[in-house]
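Asks: Sharing a sequence plus its predicted fold:
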Amino acid sequence: MPPKALSHVYVIVQDGAPTAAYADESAANDAADELDGAEVHEVEVKKAEPKAKATKAAAAPKAKAAPKAKAADGDKSELAERIEELLSGSGDSLSGLTVVVTGVPTDPNVTRKQLDALVTTYGGKLVKSISKNTDLVVLGASAGPKKLEQIEELGIESLDHDEFVERIGGGGGTKRVPADDGETGGKKKRKT
(Lines give C-alpha, C1' and ligand atoms only; values in the text may rest on other atoms or scores of the structure.)
Protein backbone atom coordinates (compact mmCIF):
# COMPACT_ATOMS: atom_id res chain seq x y z
CA MET A 1 0.00 0.00 0.00
CA PRO A 2 1.51 3.38 -0.94
CA PRO A 3 2.22 5.86 1.85
CA LYS A 4 -0.48 8.37 2.68
CA ALA A 5 0.12 11.78 1.15
CA LEU A 6 0.80 14.44 3.79
CA SER A 7 -0.95 17.78 3.77
CA HIS A 8 1.02 19.18 6.73
CA VAL A 9 4.22 18.48 8.63
CA TYR A 10 5.14 19.71 12.06
CA VAL A 11 8.59 21.22 12.41
CA ILE A 12 10.31 21.70 15.77
CA VAL A 13 12.24 24.96 15.89
CA GLN A 14 14.77 25.60 18.65
CA ASP A 15 16.87 28.77 18.86
CA GLY A 16 15.55 29.86 15.46
CA ALA A 17 16.70 26.72 13.66
CA PRO A 18 14.63 23.71 12.60
CA THR A 19 15.72 20.61 14.50
CA ALA A 20 13.19 17.93 13.47
CA ALA A 21 10.05 17.35 11.41
CA TYR A 22 7.11 15.10 12.25
CA ALA A 23 4.08 13.91 10.32
CA ASP A 24 2.04 13.68 13.53
CA GLU A 25 1.28 16.82 15.56
CA SER A 26 1.10 15.06 18.94
CA ALA A 27 4.51 13.39 18.34
CA ALA A 28 6.00 16.78 17.45
CA ASN A 29 4.53 18.36 20.60
CA ASP A 30 5.86 15.53 22.79
CA ALA A 31 9.35 15.93 21.30
CA ALA A 32 9.24 19.71 21.68
CA ASP A 33 8.27 19.41 25.35
CA GLU A 34 11.59 17.64 25.99
CA LEU A 35 13.63 20.50 24.47
CA ASP A 36 14.18 23.88 26.16
CA GLY A 37 12.61 26.75 24.24
CA ALA A 38 11.43 24.60 21.32
CA GLU A 39 8.31 25.48 19.34
CA VAL A 40 6.23 23.42 16.92
CA HIS A 41 5.34 25.04 13.58
CA GLU A 42 2.78 23.60 11.22
CA VAL A 43 3.91 23.70 7.61
CA GLU A 44 1.63 23.04 4.66
CA VAL A 45 2.98 20.51 2.18
CA LYS A 46 2.36 21.50 -1.39
CA LYS A 47 2.11 18.78 -3.95
CA ALA A 48 4.76 19.14 -6.62
CA GLU A 49 3.47 19.88 -10.08
CA PRO A 50 4.21 17.05 -12.49
CA LYS A 51 6.87 17.84 -15.03
CA ALA A 52 5.61 18.45 -18.51
CA LYS A 53 6.64 15.73 -20.90
CA ALA A 54 8.74 16.97 -23.72
CA THR A 55 7.58 16.06 -27.16
CA LYS A 56 10.03 14.47 -29.51
CA ALA A 57 10.05 17.54 -31.72
CA ALA A 58 10.63 19.91 -28.79
CA ALA A 59 13.17 17.76 -26.98
CA ALA A 60 16.76 18.75 -27.51
CA PRO A 61 18.83 15.94 -28.96
CA LYS A 62 21.18 14.27 -26.52
CA ALA A 63 24.80 14.99 -27.20
CA LYS A 64 26.88 11.92 -27.88
CA ALA A 65 30.45 11.72 -26.78
CA ALA A 66 32.81 12.00 -29.68
CA PRO A 67 34.61 8.75 -30.35
CA LYS A 68 38.24 8.71 -29.36
CA ALA A 69 40.37 9.51 -32.33
CA LYS A 70 42.79 6.75 -33.11
CA ALA A 71 46.20 7.82 -34.19
CA ALA A 72 47.10 7.09 -37.76
CA ASP A 73 49.66 4.31 -38.08
CA GLY A 74 52.32 6.92 -38.76
CA ASP A 75 51.50 8.64 -35.45
CA LYS A 76 51.92 5.57 -33.25
CA SER A 77 54.81 5.50 -30.87
CA GLU A 78 57.47 2.81 -31.01
CA LEU A 79 56.09 1.44 -27.74
CA ALA A 80 52.53 1.15 -29.12
CA GLU A 81 53.79 -0.56 -32.28
CA ARG A 82 55.90 -2.99 -30.24
CA ILE A 83 52.95 -3.84 -27.99
CA GLU A 84 50.73 -4.56 -31.00
CA GLU A 85 53.46 -6.76 -32.43
CA LEU A 86 53.79 -8.67 -29.15
CA LEU A 87 50.01 -9.08 -28.82
CA SER A 88 49.90 -10.75 -32.23
CA GLY A 89 52.15 -13.49 -30.85
CA SER A 90 52.47 -15.35 -27.59
CA GLY A 91 55.12 -16.74 -25.31
CA ASP A 92 56.04 -17.77 -21.80
CA SER A 93 58.42 -15.02 -20.72
CA LEU A 94 56.14 -14.23 -17.74
CA SER A 95 55.36 -17.85 -16.94
CA GLY A 96 55.10 -18.43 -13.20
CA LEU A 97 54.98 -14.71 -12.39
CA THR A 98 52.16 -12.90 -10.61
CA VAL A 99 51.87 -9.42 -12.13
CA VAL A 100 50.07 -6.21 -11.15
CA VAL A 101 49.56 -3.43 -13.72
CA THR A 102 48.95 -0.11 -11.98
CA GLY A 103 48.77 3.57 -12.85
CA VAL A 104 47.78 5.28 -16.09
CA PRO A 105 49.55 4.34 -19.33
CA THR A 106 52.19 6.96 -20.05
CA ASP A 107 51.73 6.66 -23.80
CA PRO A 108 48.40 7.92 -25.20
CA ASN A 109 48.53 5.19 -27.86
CA VAL A 110 48.70 2.41 -25.23
CA THR A 111 45.72 1.17 -23.24
CA ARG A 112 45.50 -0.57 -19.90
CA LYS A 113 43.71 -3.47 -21.61
CA GLN A 114 46.70 -3.96 -23.90
CA LEU A 115 49.08 -4.10 -20.94
CA ASP A 116 46.81 -6.56 -19.11
CA ALA A 117 46.59 -8.69 -22.26
CA LEU A 118 50.39 -8.79 -22.53
CA VAL A 119 50.61 -10.29 -19.05
CA THR A 120 48.24 -13.15 -19.81
CA THR A 121 49.43 -13.67 -23.42
CA TYR A 122 52.95 -14.24 -22.16
CA GLY A 123 52.02 -16.63 -19.36
CA GLY A 124 51.74 -14.30 -16.36
CA LYS A 125 48.98 -14.33 -13.78
CA LEU A 126 47.29 -10.91 -13.74
CA VAL A 127 46.12 -9.72 -10.32
CA LYS A 128 44.69 -6.36 -9.23
CA SER A 129 46.37 -5.79 -5.88
CA ILE A 130 49.89 -6.08 -4.53
CA SER A 131 50.67 -8.76 -1.97
CA LYS A 132 53.61 -10.82 -0.77
CA ASN A 133 52.83 -13.18 -3.68
CA THR A 134 53.32 -10.46 -6.33
CA ASP A 135 56.45 -10.91 -8.42
CA LEU A 136 56.28 -7.92 -10.76
CA VAL A 137 54.54 -4.55 -10.88
CA VAL A 138 54.16 -2.65 -14.16
CA LEU A 139 54.05 1.03 -13.21
CA GLY A 140 52.29 3.74 -15.16
CA ALA A 141 51.85 7.40 -14.31
CA SER A 142 49.95 8.32 -11.16
CA ALA A 143 50.57 5.06 -9.34
CA GLY A 144 49.29 5.51 -5.80
CA PRO A 145 51.70 6.23 -2.97
CA LYS A 146 50.39 3.26 -0.98
CA LYS A 147 51.22 0.89 -3.83
CA LEU A 148 54.67 2.41 -4.25
CA GLU A 149 55.28 1.93 -0.53
CA GLN A 150 54.11 -1.71 -0.71
CA ILE A 151 56.42 -2.38 -3.65
CA GLU A 152 59.38 -1.07 -1.70
CA GLU A 153 58.46 -2.83 1.57
CA LEU A 154 57.94 -6.20 -0.13
CA GLY A 155 60.98 -5.87 -2.41
CA ILE A 156 58.94 -6.41 -5.58
CA GLU A 157 60.46 -5.75 -8.99
CA SER A 158 58.82 -2.83 -10.77
CA LEU A 159 59.13 -1.87 -14.42
CA ASP A 160 57.86 1.04 -16.47
CA HIS A 161 56.01 0.24 -19.71
CA ASP A 162 59.11 0.34 -21.92
CA GLU A 163 61.03 -1.98 -19.57
CA PHE A 164 58.04 -4.31 -19.36
CA VAL A 165 57.78 -4.60 -23.14
CA GLU A 166 61.54 -5.16 -23.36
CA ARG A 167 61.28 -7.88 -20.71
CA ILE A 168 58.58 -9.69 -22.66
CA GLY A 169 60.39 -9.31 -25.97
CA GLY A 170 63.65 -10.51 -24.45
CA GLY A 171 62.08 -13.53 -22.72
CA GLY A 172 63.09 -14.84 -19.33
CA GLY A 173 60.50 -15.94 -16.79
CA THR A 174 62.74 -16.04 -13.72
CA LYS A 175 61.47 -14.16 -10.71
CA ARG A 176 63.53 -11.06 -10.04
CA VAL A 177 63.59 -8.38 -7.36
CA PRO A 178 65.61 -5.17 -6.98
CA ALA A 179 69.11 -5.59 -5.58
CA ASP A 180 69.66 -4.41 -2.03
CA ASP A 181 72.49 -2.06 -2.99
CA GLY A 182 69.99 0.80 -3.36
CA GLU A 183 72.13 2.60 -5.92
CA THR A 184 72.49 0.68 -9.14
CA GLY A 185 68.96 -0.66 -9.42
CA GLY A 186 70.46 -4.01 -10.42
CA LYS A 187 68.41 -7.16 -10.23
CA LYS A 188 68.83 -10.38 -8.32
CA LYS A 189 66.91 -13.63 -8.53
CA ARG A 190 64.42 -14.42 -5.81
CA LYS A 191 64.23 -18.03 -4.70
CA THR A 192 60.84 -19.56 -5.31
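Replies: Great, that's in hand. Numbers count the residues shown, from 1 in each chain.

Asks: Nearest residue to Leu159 in space, please, no chain neighbours.
Replies: Val138 (5.8 Å; CB to CB, 6 or more residues apart in numbering). C-beta here means a position set from N, CA and C on the backbone, and glycine is covered the same way.

Asks: which residues touch the one you found?
Replies: Applying CB atoms under 8 Å, 6 or more residues apart in numbering to Val138 gives the contacts Val99, Val100, Val101, Thr102, Leu115, Val119, Ser158, Leu159, Asp160, His161, Phe164.

Asks: Out of those, which is nearest to Glu81?
Replies: Lowest distance from Glu81 to the contacts of Val138 (CB to CB) belongs to His161, with 13.0 Å.

Asks: returning to that earlier point: doesn't the residue nearest to Leu159 lie inside a strand?
Replies: Yes: assessed by DSSP: H, G, I helix; E, B strand; the rest coil, Val138 belongs to a strand.

Asks: Ala31 versus that one, what's the distance?
Replies: Distance check for Val138 against Ala31: by CB to CB, to the nearest Å, it reads 59 Å.

Asks: go on, Asp75?
Replies: For Asp75, the distance to Ala31 (CB to CB) stands at 69 Å.

Asks: which residues of this protein fall in helices?
Replies: 25-33, 78-87, 112-121, 145-154, 161-170 (DSSP state H).

Asks: Find the residue at the geometric middle of the protein.
Replies: For the chain, the residue nearest the mean C-alpha position is Gly103 (10.1 Å; CA atoms, centre = their mean).

Asks: you'd agree that one is up against Pro145?
Replies: No: counting by CB atoms under 8 Å, Gly103 sits too far from Pro145 to count as a contact (11.5 Å).

Asks: picking up where we left off before, who's in contact with the nearest residue to the residue nearest to the centre of the chain once chain neighbours are set aside?
Replies: Leaving aside its sequence neighbours, Gly103 sits nearest to Gly140 (CB to CB, 6+ apart; 3.0 Å). Residues near Gly140 by CB under 8 Å, 6+ apart: Val101, Thr102, Gly103, Val104, Pro105, Thr106, Arg112, Leu115, Asp160, His161.

Asks: State the pair within those that is farthest apart.
Replies: Largest pairwise distance in the contacts of Gly140, by CB to CB, is 14.3 Å, between Arg112 and Asp160.

Asks: coming back round to it: tell me which of Asp75 and Ala31 has more neighbours.
Replies: More crowded of Asp75 and Ala31, by other CB atoms under 10 Å: Ala31, with 16 against 11.

Asks: what's the spacing between the more buried one and Asp24?
Replies: Taking CB to CB, one finds Ala31 at 10 Å from Asp24.

Asks: again with Ser95
Replies: Taking CB to CB, one finds Ser95 at 70 Å from Asp24.

Asks: higher neighbour count, these two?
Replies: A count of neighbours by other CB under 10 Å puts Ser95 above the other of Ser95 and Asp24, at 13 against 10.

Asks: per-stretch mean pLDDT over the helices of the chain, give me the minimum one.
Replies: For the helices of the chain, the bottom mean pLDDT is recorded on helix 25-33, which sits at a mean of 83.
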